[in-house]
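Peer 1: Fold the following.
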Amino acid sequence: MPATLIDGSALAAATLERIAAEVRTGVDAGLRPPCIATVLVGGDPASHTYVRMKVRRAQAAGLATRRVDLPDTTTTERLLTTLQALSADPEIDGILLQHPVPPQVDERAAFEAIAADKDVDGVTFASFARMAEGSTGFSSATPGGILRLLDEYGVELRGIEAVVVGQGPILGRPLSALLAAHGATVTACHALTKDLRSHVERAELLVSAVGVPGLIPGDWVRPGAVVIDAGYDHGRGDVDFEGAKDRASLITPVPGGVGPMTIATLLDQTVAAWRTHV
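Peer 2: A predicted model of the protein is given here:
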């Protein structure tokens, strides 16, 4: 029996509708709207596309936006100064630093320049520590969106055998921490993992976040598994969708699965930050 599709677009739309209603209520009561600042360094076309999309979604939900675009030649010092100024600005509720940044910039130092109460993308060490401990705070936007999808579709994480393929600092690593904090038994696979297939075949919950189309053949998927494909490259995911959909119980499409929930989670966390600032 074919897997049920996990519709990230539908859940994202419902989340954005809820956000818009909350913002309207606040503004009608005389509050300023929540504001998210986006910071983009350089001219990478894909990054510009992502930022435009996030700004449009934010404005459609009633949020104010402040866009800061810096040149390719930006130094770490200049970027830190920009982020520190935004962190100190009482009109800003959330800060998004679009990544990756140019190679001359210390990305980790830049992330750490974002105030914890405005880290709505969950990229600082403080946010990672809270995720690992399962405490309150802002989760990384894509991992947080994935957890919301799993909750929406009734996936019980306590005791589940989860395999996360890809251990990048923005997605795979924080997701592994989040899943463990929610009671999953997590295997973290990466470029040095031997015999990837044997790990994937054990997974009751499989998440792939590498960005290599077709990395995981469909016949590796355990029958009945939940498959979250967070990889994306030219419209294709890491998992062979056609091969996997007849084995999995639940599966995300690419696109339309994880991606829409990343933006929805980012904006939802911005509104949560706004509640504490107004």
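Peer 1: those strands in the stretch 1-150 of the chain, which residues are they?
Peer 2: 4-5, 35-41, 64-70, 94-97 (DSSP state E, counting those that start in this stretch).
Peer 1: Quickly compare these and say which is most buried.
Peer 2: Among those, strand 94-97 has the highest mean neighbour count (mean count of other C-beta atoms under 10 Å), at a mean of 27. Any C-beta I mention is one placed from the backbone N, CA and C, and that applies to glycine too.
Peer 1: helices and strands around it, which ones?
Peer 2: Contacts defined by 3 or more C-beta pairs under 8 Å, 6 or more residues apart in numbering; DSSP states H and E place strand 94-97 against strand 35-41, helix 76-88, helix 258-277.
Peer 1: Tell me the strands beside it, with direction?
Peer 2: Strand pairing for strand 94-97, using DSSP bridges, gives strand 35-41 (parallel).
Peer 1: mean confidence score for the strand it pairs with?
Peer 2: Averaged over strand 35-41, pLDDT sits at 98.
Peer 1: now what about that strand, what contacts it?
Peer 2: Residues outside strand 35-41 that contact it (C-beta atoms under 8 Å, 6 or more residues apart in numbering): 47-48, 51, 54-55, 58, 63-72, 74, 79, 82-83, 86, 89, 91-98, 101-102, 105, 120, 266-267, 270, 274.
Peer 1: Please apply the same query to stretch 54-71.
Peer 2: Residues contacting stretch 54-71 (C-beta under 8 Å, 6+ apart): 16, 19-20, 23-24, 27, 32-42, 51, 78-79, 82, 86, 92, 96, 263-264, 266-267, 270-271.
Peer 1: Could you rerun that using 6 Å?
Peer 2: 16, 19-20, 23, 33-41, 263, 267 (C-beta atoms under 6 Å, 6 or more residues apart in numbering).
Peer 1: Mind picking the two most distant members of the residues you listed?
Peer 2: By the measure C-beta to C-beta, 20 and 41 form the most distant pair in these, at 29.8 Å.
Peer 1: Could you figure out how far the lowest-mean-pLDDT helix or strand in the chain is turned away from helix 258-277?
Peer 2: The weakest-scoring helix or strand in the chain, judged by mean pLDDT, DSSP states H and E, is helix 125-133 (a mean of 86). Angle of helix 125-133 versus helix 258-277, following axes from the mean of the first three to the mean of the last three C-alpha atoms, to 10 degrees, is 110 degrees.
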